[in-house]
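Engineer: would you be able to build a 3D model of this:
(one chain, ligands or ions: 1)
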Amino acid sequence: MSFIDQLISNTIRADVRAASSYKVADRPGFLKLDAMENPYQLPAPLRAELATRLAKAELNRYPASYEALKQAVCAKLGVPPDYGVILGNGSDELISLIATATARQDRRAVILAPTPAFVMYQRSAQFAGMDFIGVPLNSDFTLDMPAMLAAIALHKPSVLFLAYPNNPTGNLYDAADMAELIDALGDTGIAVVDEAYEPFARTSFMAHLPEFDNLVVMRTLSKLGLAGIRLGYMSAAPALLAEFEKVRPPYNINVLTMIAAEFALEHLDVLEAQAVKINAARTELAAELALLPGVEVFPSAANFLLFRVKNADDTCEKLLAAKVLVKNLGKMGPLAHCIRVTVSTPEENSAFLTALRAALKP
Ligand code: PMP
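Structural biologist: You can find the predicted model right below:
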């Protein structure tokens, strides 16, 4: 064995060695509909104003305090009075912080989620040394309540992740079911309601935080149109939030992100108007997809649509050849032959439909 192979085998954990890294498709010139990005930029005059502010940033200094940004997040994004937030480098980082704070040394703690779920719940559990238990959704993507309640009773999960709406299925779970699960966790489990797609769903557990001391509500500016700056936030009962704050790396939000996020929140109306346009485009795209022979399209409250075709591998290969990137959810399981596509501008959606119609031709 070479020195480097020996070194890796002596030092890097076996499960990390066996894992693969998170792949991001980077294909310039492609129609990028695989990552649920907002297709719209901030309008040019606002970008120019932002550039002026960014030019004044003191890049030689660490970010001094996040108080102004945190206060803006709380004031503008519906955080209940007296509830604060923790900021993360995307909600991805917050998911990982939650795992870091809940992984135990005396036994393997459990993270539970209905599946299919956002992949970072499982990855963060694994890398923190926790067990991940997935409870399959019903075939219509609703929560299998008897199975969820049984899993909570059996595994006593430290954390339950519920994405609301869910990725990759796009649906909202029944809010009363979710409340029942949060109650069932009691004081042995924290429920994290991941509202990454709240700008499109326009329904939230944020206002319900005071009703549940074991509830964390997590969101992001990514889908609202700021995926590039990487800013996630989460709120919870102040005492619980203070525990998560201990594992947050210092300076995890950089100065440029801080300035850009503060600026964006001053212009939240612009971003919200974009979300309204995307929702209208989703309705249109869903109707067009439903007209295609052999295509089944599922209801979505997010900025993406899930649809089933006869052969997803073949369809995605042809879309790729036509320079269209979507997410192929594979051949197996409840999402067999399903494809997830980001809702974009009407122009890009129709370019996608043209490519899809061609790809579906035998
Ligand atoms: N939660 C869900 C359900 C998501 O789909 C995503 C992004 N795909 C994230 C969290 C992560 O978002 P970000 O790190 O960009 O804030």
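Engineer: can you tell me what sits against stretch 81-90?
Structural biologist: Residues outside stretch 81-90 that contact it (Cβ atoms under 8 Å, 6 or more residues apart in numbering): 66, 69-70, 73-74, 79, 94, 97, 209-210, 220, 222, 230-238, 241, 244-245, 248, 252-253, 257. Using the backbone N, CA and C atoms, a C-beta is placed for each residue, glycine as well.
Engineer: so which of the residues you listed reach the ligand?
Structural biologist: Of the residues in the contacts of stretch 81-90, proximity to the ligand by Cβ under 6 Å from any ligand atom holds for 220, 222, 232.
Engineer: now for the first one: which residues touch it?
Structural biologist: In this case it means residue 220. 90, 91, 196, 231, 232, 233.
Engineer: rounded mean pLDDT for the helix or strand hosting the second one, please.
Structural biologist: With elements taken from DSSP states H and E, the one containing residue 91 is helix 90-102. The predicted model assigns helix 90-102 a mean pLDDT of 98.
Engineer: one step back: could you list which of the contacts of stretch 81-90 belong to strands?
Structural biologist: Cross-referencing the contacts of stretch 81-90 against strands under DSSP state E gives 220, 232, 233, 234, 235, 236.
Engineer: show me which of those is closest to the ligand.
Structural biologist: Distance to the ligand across these (Cβ to the nearest ligand atom) is lowest for residue 220, with 3.1 Å.
Engineer: next one: that closest one from residue 349, what distance?
Structural biologist: 23 Å (Cβ to Cβ, to the nearest Å).
Engineer: export the contacts of residue 220 as TSV, with columns for neighbour count.
Structural biologist: Below are the contacts of residue 220 laid out as TSV (neighbours: other Cβ atoms under 10 Å):
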residue	neighbour count
90	20
91	27
196	27
231	28
232	24
233	24
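Engineer: mind checking the SS state of the residue sitting nearest the centre point of the chain?
Structural biologist: Ranked by distance to the mean C-alpha position of the chain (Cα atoms, centre = their mean), the top residue is residue 196 at 4.7 Å. With DSSP: H, G, I helix; E, B strand; the rest coil as the basis, residue 196 sits in coil.
Engineer: check whether it really touches residue 224, as I assumed.
Structural biologist: No: in this structure, residue 196 is not within contact of residue 224 by Cβ atoms under 8 Å, at 9.7 Å.
Engineer: picking up where we left off before, ok, of the contacts of residue 220, which one's closest to residue 275?
Structural biologist: Set against residue 275, the nearest of the contacts of residue 220 by Cβ to Cβ is residue 196 (12.6 Å).
Engineer: quick one on the thing from earlier: what's the helix or strand just after the helix holding residue 91 in contact with?
Structural biologist: Per DSSP H and E, helix 90-102 leads on to strand 110-115 as the next helix or strand towards the C-terminus. Residues outside strand 110-115 that contact it (Cβ under 8 Å, 6+ apart): 99, 102, 121-122, 124-125, 130-137, 143-144, 148, 151-152, 155-163, 166, 173, 189.
Engineer: and if we set it to 6 Å?
Structural biologist: Applying Cβ atoms under 6 Å, 6 or more residues apart in numbering, the contact partners of strand 110-115 are 121, 125, 130-137, 143, 151, 155, 157, 159-161.
Engineer: OK, contacts around the residue of the stretch 251-362 of the chain found nearest the ligand?
Structural biologist: Per Cβ to the nearest ligand atom, residue 302 is where the stretch 251-362 of the chain lies closest to the ligand, at 8.2 Å. Contacts here follow Cβ under 6 Å, 6+ apart; on that basis residue 302 touches 165, 170, 197, 200.
Engineer: and the residues you listed, which of them are in helices?
Structural biologist: When the contacts of residue 302 are checked against helices (DSSP state H), the matches are residue 200.
Engineer: just to revisit the earlier point, which two in the contacts of residue 220 are spaced the farthest apart?
Structural biologist: Comparing every pair within those by Cβ to Cβ identifies 196 and 231 as the most remote, at 12.0 Å.
Engineer: what kind of secondary structure is residue 307 in?
Structural biologist: Residue 307 ends up strand, using three-state DSSP.
Engineer: same check on residue 176?
Structural biologist: Here residue 176 is recorded as helix under three-state DSSP.
Engineer: one step back: of the contacts of stretch 81-90, buried ones?
Structural biologist: Burial by neighbour count, 16 or more other Cβ atoms under 10 Å: within the contacts of stretch 81-90 this picks out 66, 69-70, 73-74, 79, 94, 97, 209, 220, 222, 230-237, 241, 244, 248, 252-253, 257.
Engineer: how is the chain carved up into domains?
Structural biologist: As assigned by automatic domain parsing, the chain contains the domains 13-42+269-360, 62-266.
Engineer: just name the most buried of those.
Structural biologist: Among the domains of the chain, ranked by average contacts under mean count of other Cβ atoms under 10 Å, first place goes to domain 62-266 (a mean of 19).
Engineer: strands along the protein, start to end?
Structural biologist: 31-32, 86-88, 110-115, 131-136, 159-163, 190-194, 215-220, 232-236, 296-297, 304-308, 324-325, 327-328, 338-342.
Engineer: nearest to residue 277, of the ones you listed?
Structural biologist: Comparison of these against residue 277 by Cβ to Cβ identifies strand 338-342 as nearest, at 13.8 Å.
Engineer: now the closest one against strand 304-308, angle please.
Structural biologist: Orientation note: strand 338-342 sits at an angle of 160 degrees relative to strand 304-308 (axes from the mean of the first three to the mean of the last three Cα atoms, to 10 degrees).
Engineer: can you offset everything so residue one is 28?
Structural biologist: Yes, from this point I'll number from 28; that puts the last item at strand 365-369.
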